[in-house]
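In: Any chance you could fold what I've pasted below:
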Amino acid sequence: MVKNHFSDATFAPEDPQLATQGQIPLKTFLIVYSIASIMILSSVFFLSIDDYSDIIHVLVSRQFLRDIIICLITLLNFITFIDNFYFPLRYWRALQQKRQLAFWQPENYLASDQPIPSLELPQPTRIATTTKLNTLFLLILLYSFILMVLICVSLPNLPLFNTLLISTGVALMVGILALITTYVQRRKPKWPYVEVRENDIAAALDKIREPLPWQNIRFFATYKGPSTLFTVGTNKYTRYYELATPQKIIRWRHQFKLSSWLETRPALDQDAYDHWHQQLLGYIKERTNLPLVDLDAVPMPTRKNKRNSYAQSANQ
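Out: Next up is the predicted model:
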């Protein structure tokens, strides 16, 4: 049976995904945006119609088309916000509770594939993943063009040629600006990244973080990560890993299938990337002597099993 030989420590690490998102501003923005979306939707279907006997004429009017486009853009932004912030936030909160249960009972939630300890330091010692510039440029170009076409179509008395010309020009400007900004950013330290050294390890998804010394690490886990409407089809190719001290957490993603718009720095093919990651897990196992815990196997905490876990931790 695997025992957590660090169970005497106070284990309450701060999750970076929760720490980097302001809870009160997030809830406030969500409420305000919800009210605004409802008001815009109501104005489209009720305030634009003065005479309900002429409802067909209103529905096919250019003014109504403009209102519908504004409404759709607003709702799309609202759905994107919910999908990218609110649902993942709920996931990370639940994961925080699962982490506490798994820390005190690691033998109950072991991952099926345990890393093989390795004394060899992974080479290269630092890997970063980033979006390819050409793919990013095309995506921003396409999104900007479609958005401008929708806006221009709703404007009164604007010919089709002028609509396409304005949309293409604005899309190119936005795309070039985004390309320049991305190029400048890439001259700085990259993330997401993993960097491993003999004395410590660093990893992050959103910004450069302080490394964790090997002797302070208390927890080693893996999980699928949050699912959203726009990533539900790609999550099966991604796996999250994390290391935790009593105060801090670092995490990274392993791409089982590198998509066409992602690349590694330095450049590695899929086989070399997978081999490097196996070396990384083995080196972590050797340096920490911790089991790899699967947080997906941990049930959602209830008050009852919370009390049981706390009682077991007190007994230990």
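
In: State the distance from residue 122 to residue 284.
Out: 10 Å (Cβ to Cβ, to the nearest Å). (Glycine included, C-beta is placed from N, CA and C.)

In: which one of those two has more residues nearby?
Out: residue 284 (23 against 20; other Cβ atoms under 10 Å).

In: So that one belongs to a strand, correct?
Out: No. Read with DSSP: H, G, I helix; E, B strand; the rest coil, residue 284 is helix and lies in no strand.

In: Could you find the closest non-adjacent residue to it?
Out: Distances taken as Cβ to Cβ, 6 or more residues apart in numbering place residue 220 nearest to residue 284, at 6.4 Å, with adjacent residues excluded.

In: For the one you found, list each beta-bridge partner.
Out: Beta-bridge partners for residue 220, by DSSP bridges, are residue 243.

In: And for residue 293?
Out: residue 110, residue 221.

In: domains in this structure, as residue ranges please.
Out: Domain ranges of the chain: 1-130+200-316, 133-185, per automatic domain parsing.

In: Mean pLDDT lowest where, among these?
Out: Of all the domains of the chain, the minimum mean pLDDT falls on domain 133-185 (a mean of 68).

In: ok, which stretches of the stretch 201-316 of the chain are strands?
Out: 212-213, 219-223, 238-244, 249-255, 262-265, 293-294 (DSSP state E, counting those that start in this stretch).

In: Would you list the strands that the first one pairs with, along with their directions?
Out: Just to be clear, that refers to strand 212-213. Sheet pairing for strand 212-213, using DSSP bridges, gives strand 200-204 (antiparallel).

In: swap in the fifth one?
Out: Using DSSP bridges, strand 262-265 pairs in its sheet with strand 126-131 (antiparallel).

In: how about the partner strand: buried residues?
Out: Buried positions in strand 126-131, judged by neighbour count with 16 or more other Cβ atoms under 10 Å: 126-130.

In: Let's see that strand as PDB, backbone CA atoms only.
Out: What follows is strand 126-131, C-alpha atoms only, in PDB (Å, rounded to 0.1, in the frame of the first residue of the first chain):
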ATOM      1  CA  ARG A 126      12.800  23.100 -21.500                       C
ATOM      2  CA  ILE A 127       9.900  22.600 -23.800                       C
ATOM      3  CA  ALA A 128       7.300  25.200 -24.700                       C
ATOM      4  CA  THR A 129       4.200  24.800 -26.900                       C
ATOM      5  CA  THR A 130       2.900  27.600 -29.100                       C
ATOM      6  CA  THR A 131       0.500  28.300 -31.900                       C
END
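
In: any residues touching it, and which ones?
Out: 186, 190-196, 253, 255, 261-266, 268, 273, 276 (Cβ atoms under 8 Å, 6 or more residues apart in numbering).

In: quick one, that strand and strand 249-255 angle?
Out: Calculated by axes from the mean of the first three to the mean of the last three Cα atoms, to 10 degrees, strand 126-131 forms an angle of 60 degrees with strand 249-255.

In: Number of residues surrounding residue 241?
Out: 20.

In: let me fix that: residue 120
Out: For residue 120, using other Cβ under 10 Å, the count is 9.

In: if I read this right, it contacts residue 287, doesn't it?
Out: No. Contact between residue 120 and residue 287 fails when scored by Cβ atoms under 8 Å: they sit 11.6 Å apart.

In: who's in contact with the residue nearest to residue 251 when sequence neighbours are not counted?
Out: Among residues not flanking residue 251 along the chain, residue 242 sits closest, at 3.9 Å (Cβ to Cβ, 6+ apart). Residues in contact with residue 242 (Cβ under 8 Å, 6+ apart) are 219-223, 249-252.

In: most neighbours, which of those?
Out: These, ranked by neighbours (other Cβ under 10 Å): first place residue 221, 27 neighbours.

In: pretty sure it is touching residue 296, no?
Out: No. In this structure, residue 221 is not within contact of residue 296 by Cβ under 8 Å, at 9.7 Å.

In: Now residue 216. Nearest residue, chain neighbours left out?
Out: Residue 216 sits nearest to residue 245 (Cβ to Cβ, 6+ apart), 4.4 Å away.

In: neighbours around that neighbour, how many?
Out: 18.

In: Going forward, count from 12.
Out: Renumbered: residue one is now 12, and that last one reads residue 256.

In: ok, it - contacts?
Out: Contacts for residue 256 (Cβ under 8 Å, 6+ apart) come out as 24, 223, 227-229.

In: Could you dump those residues into TSV with distance to residue 117 and neighbour count added?
Out: Compiled in TSV, the contacts of residue 256 are given as follows (distance: Cβ to Cβ, whole Å; neighbours: other Cβ atoms under 10 Å):
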residue	distance to residue 117	neighbour count
24	15	20
223	18	21
227	17	16
228	13	22
229	10	21
